[in-house]
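K.L.:
Just to be clear, the model below is a prediction. Sequence and coordinates:
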Amino acid sequence: MSQLSHQPSIDPAKSEELTILVVDDEPSNLTSLRKIFERENMRVFTAGGAKEALEIIRTHGIQVVLTDLMMPGTTGVELLRAVKQLSSTTEVVLMTAYGTVETAVGAMRDGAYDFVEKPLKRMAIVKSVRKAAERQFLLAENRSLRQEIQLLTTRKIIGQSQTLRHVLDVANQAAPSSATVLILGESGTGKELVARYVHGKSGRADRPFVAINCAAIPETILEAELFGHERGAFTGAVSKREGRFAKARGGTLFLDEIGELTPSVQVKLLRVLQEGEYEPVGGSTVKADVRIIAATNRDLKAEVEAGRFREDLFYRLNVIAVTAPPLRSRREDIPLLVDHFLGLYCKKNARDRLTIEGPAMEKLLDYSWPGNVRELENVMERAAVLCRGTSIGLTDLPPGVAEAQLEAPTSIEFAIGTPLEEVEQRLIKETLHHAGGDKPLAAQLLGISTRTIYRKLEGMPII
Ligand SMILES: Nc1ncnc2c1ncn2[C@@H]1O[C@H](COP(=O)(O)OP(=O)(O)OP(=O)(O)O)[C@@H](O)[C@H]1O
Ligand SMILES: [Mg+2]
């Protein structure tokens, strides 16, 4: 069985692991059915009515319920519905008496796996229960694999810092509209993650999210790659090909490294944004139905000033702008990210969950993370692979990180729109750090009284 499975499911080949519940209001039926299934090495629970049955399902992992259709109080069909609600992967087999076959057939539509007719034949009920168990096993395994894949592929945005929360607030506000979003930020800060987040929260979530890295595609083919081409549009275009705009139809097109676009492609992109239409190479005009999210780690405004990026395109893209903050400006997120990546990579490497030792965590907090979250992720992956013990110590970190010294910055940068409260908190903390922890000196530098700095520090988060 897969070691990935979280759900209690059984291998139908081994019937001693199979747990079933028999429900019947007739005690003698329960006794004889118990005997039959116990002889098959199954674990058997019995219940005289629906209430008792549900209690057993709630407290024991039941794979298959075999229930009488006609019982005083709750009928087998009502019990079936309740079972499915309580535990959707538990399979139900109904026992029907003469004249109730039609009801049983109806119950199949409500999710019953099978029905067996009374008088019961030993072989027939054992076979039906076994087949139901097999199906339960496959469904439970399938579901747990799907959960596992989702865990590995969907990436949650981890972090509690105010700067990150501000980014997510803007992303949440922007998501439902089809406005263009421009995501700025250093390399590895999670720009693509934010783009996927916006898409996931938008009305286009069930349509494609198509990403294209404008820097990675040679200039000569970028246009065809974006807009597609007709057959014979240029040498080598042996057949018609859809571009990314067409592939993202109804969804979101993520233009990564937009700062690298050549002037000719900039013009074409501007046209799509202005007119909502484009021409595949060698083809005729097509309507564009995509939401554009663009990202760059360049200072796009400076690129405009330097004449490398069209100003009109910049304004078209810059409808809603968010800046993914560098990791060193939100160190309070580091422990959360460390925990997240450790969990992820221990699991991926099929090893027990590692812990992190105090001095190692201190270095992770001191390091300046020029490669931001991506660099932290790589460091944690490396540690999860290389660590020989049960906890990560200084020796499991790369030398550059293990020797990190927290530098006192002499200036701080804030993104436009940073909440004032956060600006104040960071300014006070960094000044205090710069003053070597001397609060009166920091207060003097900030032009506030010592009492004020004490009061302000009291109300602040620890890190
Ligand atoms: N807040 C976060 N929580 C969890 N994972 C994160 C977070 N931010 C970034 N990551 C992870 O860090 C890695 C880099 O993120 P991403 O690719 O989104 O960055 P980027 O800003 O697009 O980088 P680049 O500019 O180099 O393309 C990814 O594996 C991503 O899942
Ligand atoms: Mg990226």
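P.N.:
It's in. Ligands and ions are numbered 1, 2, ... in the order given.

K.L.:
Could you check the pLDDT of residue 413?
P.N.:
Note on residue 413: pLDDT of 80.

K.L.:
start at 294 instead
P.N.:
Shifting the count to begin at 294 puts that one at residue 706.

K.L.:
And what about the nearest residue to residue 661 once chain neighbours are set aside, helix, strand or coil?
P.N.:
Once flanking residues are discounted, residue 661 sits nearest to residue 621: 5.1 Å by Cβ to Cβ, 6 or more residues apart in numbering. Heads up, the C-betas are built off the backbone N, CA and C, glycines and all. Three-state call for residue 621 (DSSP: H, G, I helix; E, B strand; the rest coil): helix.

K.L.:
Got the confidence number for residue 621?
P.N.:
Value for residue 621, per-residue pLDDT: 90.

K.L.:
Pretty sure it sits against residue 664.
P.N.:
No. Counting by Cβ atoms under 8 Å, residue 621 does not reach residue 664; the two are 10.9 Å apart.

K.L.:
for ligand 1, what are the nearby residues on the stretch 344-493 of the chain?
P.N.:
448, 450, 451, 452, 478, 480, 481, 482, 483, 484, 485, 486 (Cβ under 6 Å from any ligand atom).

K.L.:
same thing but 5 Å
P.N.:
Contacts of the stretch 344-493 of the chain with ligand 1, taken as Cβ under 5 Å from any ligand atom, map to 448, 450, 451, 452, 480, 481, 482, 483, 484, 485, 486.

K.L.:
from the residues you listed, which would you call buried?
P.N.:
451, 452, 481, 482, 483, 484, 485 (16 or more other Cβ atoms under 10 Å).

K.L.:
Can you lay out these as a markdown table showing secondary structure?
P.N.:
Listed next are those as a markdown table, based on three-state DSSP:
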| residue | secondary structure |
| --- | --- |
| 451 | coil |
| 452 | coil |
| 481 | coil |
| 482 | coil |
| 483 | coil |
| 484 | helix |
| 485 | helix |
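
K.L.:
ok, now which ones touch residue 369?
P.N.:
316, 360, 361, 362, 363, 387, 388, 400 (Cβ atoms under 8 Å, 6 or more residues apart in numbering).

K.L.:
is it possible to export the residues you listed to a markdown table including neighbour count, pLDDT and secondary structure?
P.N.:
Listed next are these as a markdown table, based on neighbours: other Cβ atoms under 10 Å; pLDDT from 0 to 100; DSSP: H, G, I helix; E, B strand; the rest coil:
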| residue | neighbour count | pLDDT | secondary structure |
| --- | --- | --- | --- |
| 316 | 30 | 96 | strand |
| 360 | 25 | 95 | strand |
| 361 | 23 | 93 | strand |
| 362 | 21 | 89 | coil |
| 363 | 17 | 86 | coil |
| 387 | 30 | 93 | strand |
| 388 | 24 | 92 | strand |
| 400 | 25 | 86 | helix |
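
K.L.:
which two from the residues you listed end up farthest apart in space?
P.N.:
316 and 400 (13.8 Å; Cβ to Cβ).

K.L.:
can you give me the strands for the chain?
P.N.:
Using DSSP state E, the strands of the chain run over 312-316, 336-340, 357-361, 384-389, 407-410, 474-477, 502-506, 545-549, 570-571, 579-580, 584-589, 613-616, 648-649, 684-685.

K.L.:
possible to save these as JSON lines with distance to residue 535?
P.N.:
Shown next, in JSON lines, are these (distance: least, Cβ to Cβ, whole Å):
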{"stretch": "strand 312-316", "distance to residue 535": "51"}
{"stretch": "strand 336-340", "distance to residue 535": "55"}
{"stretch": "strand 357-361", "distance to residue 535": "48"}
{"stretch": "strand 384-389", "distance to residue 535": "44"}
{"stretch": "strand 407-410", "distance to residue 535": "46"}
{"stretch": "strand 474-477", "distance to residue 535": "24"}
{"stretch": "strand 502-506", "distance to residue 535": "11"}
{"stretch": "strand 545-549", "distance to residue 535": "13"}
{"stretch": "strand 570-571", "distance to residue 535": "12"}
{"stretch": "strand 579-580", "distance to residue 535": "10"}
{"stretch": "strand 584-589", "distance to residue 535": "17"}
{"stretch": "strand 613-616", "distance to residue 535": "28"}
{"stretch": "strand 648-649", "distance to residue 535": "47"}
{"stretch": "strand 684-685", "distance to residue 535": "46"}
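
K.L.:
Out of the ones you listed, which is closest to residue 324?
P.N.:
Of the strands of the chain, nearest to residue 324 by Cβ to Cβ is strand 336-340, at 8.3 Å.

K.L.:
Give me the buried stretch members for the closest one, please.
P.N.:
Buried, per 16+ other Cβ under 10 Å, within strand 336-340: 336, 337, 338, 339, 340.

K.L.:
per-residue confidence at the last one?
P.N.:
The per-residue pLDDT reported for residue 340 equals 95.

K.L.:
What of the one 5 residues further on?
P.N.:
According to the model's per-residue confidence, residue 345 sits at a pLDDT of 93.

K.L.:
Quick check: the gap between it and residue 352.
P.N.:
Using Cβ to Cβ, to the nearest Å, we find residue 345 at a distance of 11 Å from residue 352.

K.L.:
Same drill for these two, tell me which one is more crowded.
P.N.:
Each of residue 345 and residue 352 has its neighbours counted (other Cβ atoms under 10 Å); residue 345 has more, 14 against 9.
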